[in-house]
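Trainee: next input, structure requested:
(chains A and B, ligands or ions: 2)
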Amino acid sequence: MTASYGPTNIIKDLNFNLAEGEFLAIIGENGVGKTTLVRSLLGMLTPKAGTIKFTDHSIAKNIGYVPQSRNLDEEYPITVKDFVSLNLRDSKLPWVTANEKAKVWSIIEQTNLTKIADRPLGQASGGEKQRAYLAQALLNSPKLLILDESTASLDVEMKQELLKLVAKVQQENKMSAIFITHDLPLARNYADNYLLMTKQQEYTMGPIASLNVSESEKV
Amino acid sequence: MLSFDFMRHALVAGTFIAVICGMMGVFVIARGMSFLTHTLAEIGFAGAAFGLFMGWPALNGMLLFTVLSSAMVGELGVRSARRENVISAVSALFLGLGILFISLSDNSAASATSILFGSVIGISLGEVWQVVILSIIVILVTLLMYRQLKFDSFDSVGARVNGINGTVISIAFLIMLALSVSVAAQIVGSLLIFILLTLPAASARYFVHSVSSMIALSIGFAVAGTWLGITLGYFTNWPTSFFIATIEVIFYLSGLIWNKKR
Ligand SMILES: Nc1ncnc2c1ncn2[C@@H]1O[C@H](COP(=O)(O)OP(=O)(O)O)[C@@H](O)[C@H]1O
Ligand SMILES: [Mg+2]
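Mentor: Ligands and ions are numbered 1, 2, ... in the order given. This is a model prediction of the structure:
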């Protein structure tokens, strides 16, 4: 596929597959079009050329996406639980039904947020915030989960913790996952395959173990 | 005091106004639109003055101006309207227009005072009905789009990637805000609109941390202030707006102190 915001192509002739249950790491410098690729997958941007095919149509409609930038400051008032609940969409009722409450709570448990569920999200740590974003994205049981540089602002330990959680949830929920990062060691530890994108619009992919040093220097 | 028609009218209208302001205020603050609310109030002032000049009820002129301007703003406009100098320019223009229309109409001084500072005590039965019906519209529309409005207001990035159309929400919300501003001006006047539209919600944020309880508490603060204000106004003959302002500021300060203590 090829994608662009105007005359210049941001992504050119990219070809890649994602298998069911696969954990794919997308790696590449800033500005190579990683987020653009995700926006195309989400249907927020129509590819200029080529197509994106999902084996099952229901996948496309239900992708859990943790976007790159959210600017929630420490004044952000609502609780972790309320923040996660924002993505409830089974009904249009102004109140939260008992079923929905149960659903929110099970995601909160799965993402280890029970202790801080009733605390304002603004006062949560960086790692807790990322877990809350993750929980919100997981709320409607997506078949594909996409994390856009979710670990960028975290310290090493927090990164490991978040990825461990993502890997666990991915197994439990039998999802595919796409994880966008600059962090090669992290990708090596958790991903099955990689997709490397470069400024020269060259794209390579393969099992993460085969990602060699010379290639990784391009990141 | 309840044996007087004008007091019953004031309390009924005041209650509805307080409810919609308390509710809308939570979203106004979450969307960072306090300043824009101010501008809308000034546009409303110009509208009321225009109504006066045309010989209409002030509320009709206000509705015309505020609803038209908010419908025209749209998403792009909201973003650029947040810039302070744009706001100042728009405010200046409409305040100027308001002053012009007032000076062009008869009995200008008295009407200017009631538009700027509110005059809930003089409200007629017909006007009460108008306030009640407009308030019910605002409440119904807000309930209808509640989930999407909530998502978009408290997490616009998340709302966007989950397929919520921010432009539609923004415009619908602005029109609801225009209605609320026009209705609220009846009681506190256009100069003091933010007393009911932002202070109760800003105070509620300090005490509770879920959207639904913020709305409930914000409505509580707005209603309590309105009732107390109207009552104290009745017994002292001082302006209602003065009391409502003071009470809402007290709620706000206690929120600040409460928040510091924890
Ligand atoms: N909405 C947009 N309109 C125009 N250009 C954009 C837009 N979003 C991103 N770009 C451009 O597309 C390129 C790729 O951006 P992006 O996909 O965000 O990169 P990455 O996520 O890999 O850092 C950049 O050069 C960026 O300036
Ligand atoms: Mg990016």
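
Trainee: the most centrally placed residue in chain A bridge partners, please.
Mentor: Centroid check for chain A by Cα atoms, centre = their mean gives A:Leu147 as the closest residue, at 1.7 Å. Beta bridges link A:Leu147 to A:Val66, A:Phe179 when assigned by DSSP bridges.

Trainee: isn't it right up against A:Leu154?
Mentor: No. Using Cβ atoms under 8 Å, A:Leu147 is not in contact with A:Leu154, being 11.8 Å away. Where C-beta positions appear, they are placed from N, C-alpha and C, glycine not excepted.

Trainee: mind listing what's buried in the helix or strand hosting B:Thr226?
Mentor: In this structure, B:Thr226 sits in helix B:211-236 according to DSSP states H and E. Within helix B:211-236, the residues that qualify as buried are B:211-212, B:214-227, B:229-234, counting by 16 or more other Cβ atoms under 10 Å in any protein chain shown.

Trainee: so which of those are also by chain A?
Mentor: Counting by Cβ under 8 Å from any Cβ of the partner chain, B:Val211, B:Ser212, B:Met214 from these sit close to chain A.

Trainee: quick one: the host helix or strand of B:Leu116 to chain centroid distance?
Mentor: Here B:Leu116, judged by DSSP H and E, is contained in helix B:108-117. Remark: helix B:108-117 is offset 18 Å from the chain centroid, using Cα atoms, centre = their mean, to the nearest Å.

Trainee: elements contacting that helix?
Mentor: Counting contacts by 3 or more Cβ pairs under 8 Å, 6 or more residues apart in numbering or on different chains; DSSP states H and E, helix B:108-117 packs against helix B:34-54, helix B:58-81, helix B:84-104.

Trainee: for that helix, what is the average pLDDT?
Mentor: The average pLDDT for helix B:108-117 rounds to 76.

Trainee: and what of stretch B:180-192?
Mentor: For stretch B:180-192, the per-residue pLDDT averages 85.

Trainee: next one: stretch B:143-163
Mentor: 94.

Trainee: ok, is that stretch in contact with ligand 2 or not?
Mentor: No. Judged by Cβ under 5 Å from the ion, stretch B:143-163 stays clear of ligand 2, getting no closer than 12.9 Å.

Trainee: can you list the residues of chain A near ligand 2?
Mentor: Counting by Cβ under 5 Å from the ion, the residues of chain A close to ligand 2 are A:Lys34, A:Thr35, A:Gln68.

Trainee: can you list those residues in CSV and add secondary structure and distance to B:Ala18?
Mentor: Shown next, in CSV, are these (DSSP: H, G, I helix; E, B strand; the rest coil; distance: Cβ to Cβ, whole Å):
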residue, secondary structure, distance to B:Ala18
A:Lys34, helix, 49
A:Thr35, helix, 45
A:Gln68, coil, 41
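
Trainee: restrict those residues to those that also contact ligand 1, please.
Mentor: A:Lys34, A:Thr35 (Cβ under 6 Å from any ligand atom).

Trainee: pLDDT at B:Glu84, what is it?
Mentor: The model's pLDDT for B:Glu84 equals 68.

Trainee: before we move on, what about B:Leu174?
Mentor: 90.

Trainee: packing partners for the helix or strand that comes right after the helix holding B:Leu116?
Mentor: Next helix or strand after helix B:108-117 toward the C-terminus (DSSP H and E): helix B:125-144. For helix B:125-144, the packing partners by 3+ Cβ pairs under 8 Å, 6+ apart come out as helix B:5-30, helix B:58-81, helix B:166-188.

Trainee: okay, domains of chain A per the record?
Mentor: Listed domain ranges for chain A are A:1-62+A:142-219, A:73-141 (source: automatic domain parsing).

Trainee: count of residues packed around the residue in chain A that chain B sits nearest to?
Mentor: Chain B sits closest to A:Pro94 of chain A, with a gap of 4.1 Å, by Cβ to the nearest Cβ. A:Pro94: 15 surrounding residues under other Cβ atoms under 10 Å in any protein chain shown.

Trainee: now do the same contact list for it.
Mentor: Neighbouring residues of A:Pro94 by Cβ atoms under 8 Å, 6 or more residues apart in numbering or on different chains: B:Leu143, B:Tyr146, B:Arg147.

Trainee: do you know how far it is from ligand 2?
Mentor: Relative to ligand 2, A:Pro94 is positioned 35 Å away (Cβ to the ion, to the nearest Å).

Trainee: that residue - that's part of a strand, no?
Mentor: No. Assessed with DSSP: H, G, I helix; E, B strand; the rest coil, A:Pro94 is coil; it does not lie in a strand.

Trainee: quick check, pLDDT for it.
Mentor: For A:Pro94, the pLDDT comes out at 91.

Trainee: gap between it and A:Ala102?
Mentor: Counting by Cβ to Cβ, to the nearest Å, the separation of A:Pro94 from A:Ala102 is 19 Å.

Trainee: equivalent analysis for A:Ser153, please.
Mentor: Where A:Ala102 is concerned, A:Ser153 sits at a distance of 32 Å (Cβ to Cβ).

Trainee: the two: who's more crowded?
Mentor: A:Ser153 (13 against 10).

Trainee: skipping its backbone neighbours, what lies nearest that one in space?
Mentor: A:Gly126 (5.5 Å; Cβ to Cβ, 6 or more residues apart in numbering or on different chains).

Trainee: check contacts around that neighbour.
Mentor: Counting by Cβ under 8 Å, 6+ apart, A:Gly126 touches A:Ser153, A:Leu154, A:Met158.

Trainee: ok, of those residues, which one's closest to B:Ser156?
Mentor: The closest of these to B:Ser156 turns out to be A:Ser153 (Cβ to Cβ; 19.6 Å).

Trainee: chain A: helices as residue ranges?
Mentor: A:34-41, A:57-61, A:80-85, A:98-110, A:126-138, A:156-173, A:184-190, A:213-216 (DSSP state H).

Trainee: what angle sits between the fifth one and helix A:156-173?
Mentor: Computed with axes from the mean of the first three to the mean of the last three Cα atoms, to 10 degrees, the direction of helix A:126-138 lies at 20 degrees from that of helix A:156-173.
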